[in-house]
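Peer 1: Mind looking at a prediction? Sequence and model below.
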Amino acid sequence: MVLKKAYFLDADYIVRNNRTYVRLLVKGKRVTTLYYQNDPYFYVDAPIDKKDDLLKVRIRRKNGETTAPLRIEEVKRRMGQEERSFLKLYCHQPSDVPLMKQAIPFKSYEYNIPFGRRF
């Protein structure tokens, strides 16, 4: 792996073939665009046994397509002074995150962070 010095200029995202890619614009000797596949996610404060129920949730996008969560992982995160267990819910597209959050009856975290800033 070759390391090169570059300055970060901007970050945004694109969706191709139902996969989300973060696009980083950096400037070294010339301006370069780097792409990283990264799925949008947010945290859900739900019991572990509700994981299968969350995978069955379906939402309708603005264009009329129906989608479901991509996958769900159990993670441990620090909240205040204690470490708690959360479910990390991945979506297909960044625009699915607020729609999915509305369809889930459990408390959610980090659903309102813009995807281009999260990376």
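Peer 2: Happy to help now that I have it.

Peer 1: And for Ile72, the neighbour number?
Peer 2: By the criterion of other Cβ atoms under 10 Å, Ile72 has 19 neighbours. C-beta: built from backbone N, CA, C; applies to glycine.

Peer 1: For whichever strand or helix holds it, buried residues please.
Peer 2: Ile72 is located in strand 71-79, with elements delineated by DSSP states H and E. Within strand 71-79, the residues scored as buried using 16 or more other Cβ atoms under 10 Å are Ile72.

Peer 1: For the protein, give the helix that spans the most residues.
Peer 2: When the chain is parsed with DSSP state H, its longest helix is helix 96-103.

Peer 1: Quick check: mean pLDDT of it?
Peer 2: Averaged over helix 96-103, pLDDT sits at 92.

Peer 1: May I have it exported as PDB, CA atoms only?
Peer 2: Extracted in PDB, the C-alpha atoms of helix 96-103 (Å, rounded to 0.1, in the frame of the first residue of the first chain):
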ATOM      1  CA  ASP A  96     -34.300   5.100   3.800                       C
ATOM      2  CA  VAL A  97     -32.900   6.000   7.300                       C
ATOM      3  CA  PRO A  98     -35.600   8.600   8.400                       C
ATOM      4  CA  LEU A  99     -38.400   6.500   6.800                       C
ATOM      5  CA  MET A 100     -37.200   3.300   8.600                       C
ATOM      6  CA  LYS A 101     -36.900   5.200  11.900                       C
ATOM      7  CA  GLN A 102     -40.500   6.300  11.600                       C
ATOM      8  CA  ALA A 103     -41.700   2.800  11.000                       C
END
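
Peer 1: ok, then the element right after that helix?
Peer 2: Next along the chain after helix 96-103, taking DSSP H and E as the criterion, comes strand 107-109.

Peer 1: ok, and what's touching that next one?
Peer 2: Strand 107-109 has contacts (Cβ atoms under 8 Å, 6 or more residues apart in numbering) with Phe42, Tyr43, Val44, Asp45, Phe86, Lys101.

Peer 1: Quick check: the gap between the third one and Asn18.
Peer 2: Pointing back at Val44 there. Look at Val44 and Asn18: by Cβ to Cβ, to the nearest Å, they are 22 Å apart.

Peer 1: Great, nothing more from me.
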